[in-house]
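Peer 1: Quick check, what structure comes out for this input:
(one chain, ligands or ions: 1)
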Amino acid sequence: MFEWSETDVMIRDAVRGFIDKEIRPNLDALDSGELPPYPVIRKLFREFGIDVMGGEAVQKMLAKQEAREAAVAAGEPKPEKKASGSSPFAGQESLMAVLIGELSGVCMGLVTAMGVSIGLGATTIMSRGTLAQKQRWLEDIVTMRKVASWAITEPDSGSDAFGGMKTYVKRDGEDYLLNGQKTFITNGPFADVMIVYAKLDDGAGGDKRERKVLTFVLDKGMPGLTQGKPFKKMGLHSSPTGELFFDNVRVGRDRLLGETEEHKGGDGRDSARSSFTAERIGVAFMALGIINECHRLCLEYAKSRKLWGQEIGRFQLVQLKLAKMEIARINVQNMVFNTLERGRAGKPPTLAEASAMKLYASEAATEVAMEAVQLFGGNGYMTEYHVEQLARDAKSLMIYAGSNEIQVTHIAKGLLAQ
Ligand SMILES: Cc1cc2nc3c(=O)[nH]c(=O)nc-3n(C[C@H](O)[C@H](O)[C@H](O)COP(=O)(O)OP(=O)(O)OC[C@H]3O[C@@H](n4cnc5c(N)ncnc54)[C@H](O)[C@@H]3O)c2cc1C
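Peer 2: Next up is the predicted model:
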């Protein structure tokens, strides 16, 4: 694949139409946090039939699982489970890449809010939940009727997420009592459903760093659960980020994903790690959107802004900026195309490769966006010119989904294991 297909281009143009009609007129309200992202995302889902597509995919998958489990209960041999993909939008990656890229160039927070809710929230329930848990939560999240958050990070444990985790549960009869705090949680202030990772304190003592990590699903309004207000941030204002507090929250076993402490897929550490690859590929898709938009805006500006009687695009130092933007665009686009192609061939990137993509693409997007501000001069520093917002948004890509320093460790680990 070296260019978008005709279908991709058709979808891209339709998404651009939606952006012009529904997002650009609301950009100020979205970027000030005055307008939450969810009504806009829901409208997008309705307009493009994404809610129907996701809902039907979930229903189909659950019906299959129900039939499988009924057959096993009736004594039939357990059928071999076919790999069904771990996303409700499996097979729609190209559509998602186009959508993510186009939205990121205008309002990346919308993508973050949507991506965390579905890509992390729904996907974790899908890969770890029992049939009953999937029936309870999945369809509402995939259709964006409900918003999900995915909470690992704590004030004293970000990069050292599992070792330093202090949030814990203790068994209490058939239930657990959850205590602790999470921070920097995307959608945290407004989430209806919260995936929460917590250490099991089984009273046996031992090294706290090594304790088992369990994954729970909480619903808004549970006694003892408090959702903090949105933080003020540098950028990405259209994606609300906040804290979650747990004060003796009583959680039944029906909220423990898999309803067992001995999940066959490993503990919560494995559950979180399995999301890393997709999350980091998603960052490359977003980075491409930022780069494309900066590239477009800078070319326009370089051809229209006149100084010393000529367009600034004629100055070599401006040309150098444009050339570097073009190199970044080609590289990141190739990474995205390569990922899509490999997905189709059933050979998706490894965690180390996805980490390498995340590292490169997020740095490229941040550099391109900062250089775009520079190319626009004083105008670039003014909110009225969109490159200012793009530069603030882009920087977040170097921090979340694992900081770029942590990507280095994951890339090196993959290389050294070969
Ligand atoms: C906009 C935004 C949205 C987020 N959304 C979510 C969310 O939905 N859910 C969630 O759980 N978390 C979320 N996070 C948290 C994010 O994952 C963490 O901020 C990130 O993992 C870094 O952790 P930290 O902030 O605690 O930084 P620290 O871990 O305190 O790191 C501080 C610095 O030390 C560096 N560092 C740490 N360890 C090493 C090492 N071994 N070698 C070299 N350098 C190192 C880091 O790279 C960083 O530069 C979000 C963050 C942001 C900014």
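Peer 1: Check whatever residue of the chain ends up closest to the ligand and give its pLDDT.
Peer 2: Closest contact between the chain and the ligand, by Cβ to the nearest ligand atom, is at Gly158 (1.7 Å). All C-beta atoms are positioned from the backbone trio N, CA, C, and that covers glycine. pLDDT recorded at Gly158 is 92.
Peer 1: residues contacting it?
Peer 2: 184, 403 (Cβ atoms under 8 Å, 6 or more residues apart in numbering).
Peer 1: now swap in Gly252 and tell me
Peer 2: By Cβ under 8 Å, 6+ apart, the contact list for Gly252 reads 174-176.
Peer 1: Please narrow those to those residing in helices.
Peer 2: Using DSSP state H, no member of the contacts of Gly252 sits in helices.
Peer 1: Among those, name the ones in strands.
Peer 2: Among these, the ones falling in strands (DSSP state E) are 175-176.
Peer 1: Can you turn the buried part of the contacts of Gly252 into a ChimeraX selection?
Peer 2: A single ChimeraX command selects the buried members of those (16 or more other Cβ atoms under 10 Å):
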select :175,176
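Peer 1: want to throw the contacts of Gly252 into CSV with distance to the ligand?
Peer 2: Shown next, in CSV, are those (distance: Cβ to the nearest ligand atom, whole Å):
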residue, distance to the ligand
Glu174, 28
Asp175, 24
Tyr176, 20
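Peer 1: Considering the contacts of Gly252, which is situated nearest to Gly91?
Peer 2: Nearest to Gly91 out of those is Tyr176 (Cβ to Cβ; 36.8 Å).
Peer 1: Enumerate every residue touching the closest one.
Peer 2: Taking Cβ under 8 Å, 6+ apart as the test, what Tyr176 contacts is 169-170, 214, 216, 250-253, 256.
Peer 1: That one and Thr167, how far apart?
Peer 2: Going from Tyr176 to Thr167 by Cβ to Cβ, to the nearest Å gives 12 Å.
Peer 1: And for Met398?
Peer 2: 26 Å.
Peer 1: Can you pull up the residues of the stretch 151-300 of the chain that come close to the ligand?
Peer 2: Taking Cβ under 6 Å from any ligand atom as the contact definition, the stretch 151-300 of the chain meets the ligand at 151-153, 158-159, 184-186, 236, 241.
Peer 1: can you tell me which two in these are farthest apart?
Peer 2: Ser159 and Leu236 (19.3 Å).
Peer 1: more neighbours, those two?
Peer 2: Each of Ser159 and Leu236 has its neighbours counted (other Cβ atoms under 10 Å); Leu236 has more, 25 against 12.
Peer 1: Setting aside sequence neighbours, what's the nearest residue to Ala365?
Peer 2: Ala287 (3.7 Å; Cβ to Cβ, 6 or more residues apart in numbering).
Peer 1: The one you found touches Asn331, doesn't it?
Peer 2: No. Contact criterion Cβ atoms under 8 Å: Ala287 and Asn331 do not qualify, at 10.2 Å.
Peer 1: More neighbours: those two, which one.
Peer 2: Using other Cβ under 10 Å, the more surrounded residue of Ala287 and Asn331 is Ala287, with 32 against 16.
Peer 1: Domain ranges for this structure, per the record?
Peer 2: For the chain, the structural domains run 6-147, 150-255, 269-417, going by the TED database.
Peer 1: All the strands of this structure, in order from the start?
Peer 2: 148-151, 168-172, 175-186, 193-200, 213-219, 225-227, 241-251, 306-307, 310-311.
Peer 1: which of these is buried the deepest?
Peer 2: With neighbours taken as mean count of other Cβ atoms under 10 Å, those reach their highest mean count in strand 148-151, at a mean of 28.
Peer 1: Reformat the contacts of Gly252 as JSON lines; add pLDDT.
Peer 2: Below are the contacts of Gly252 laid out as JSON lines (pLDDT from 0 to 100):
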{"residue": "Glu174", "pLDDT": "93"}
{"residue": "Asp175", "pLDDT": "97"}
{"residue": "Tyr176", "pLDDT": "98"}
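Peer 1: Can you lay out the contacts of Gly252 as JSON lines showing distance to Glu76?
Peer 2: Listed next are the contacts of Gly252 as JSON lines, based on distance: Cβ to Cβ, whole Å:
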{"residue": "Glu174", "distance to Glu76": "31"}
{"residue": "Asp175", "distance to Glu76": "34"}
{"residue": "Tyr176", "distance to Glu76": "34"}
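Peer 1: of the contacts of Gly252, closest to Gly109?
Peer 2: Tyr176 (33.4 Å).
Peer 1: Give the full set of residues in contact with Glu221.
Peer 2: No Glu there; residue 221 is Gly. Contact analysis of Gly221 by Cβ under 8 Å, 6+ apart lists nothing.
Peer 1: scratch that, Gly380
Peer 2: Gly380 neighbours (Cβ under 8 Å, 6+ apart): 372-374, 387-388.
Peer 1: Same question for Gln227.
Peer 2: Contacts of Gln227 (Cβ under 8 Å, 6+ apart): 188-191, 220, 242-244.
Peer 1: Could you work out the most separated pair of those?
Peer 2: Counting by Cβ to Cβ, the most remote pair of the contacts of Gln227 is Lys220 and Glu243, 14.5 Å apart.
Peer 1: Endpoint to endpoint, stretch 203-215 covers what distance?
Peer 2: 19 Å (Cα to Cα, to the nearest Å).
Peer 1: any idea how far stretch 376-385 is from the chain center?
Peer 2: When distances are taken as Cα atoms, centre = their mean, to the nearest Å, stretch 376-385 is centred 29 Å away from the chain's centroid.
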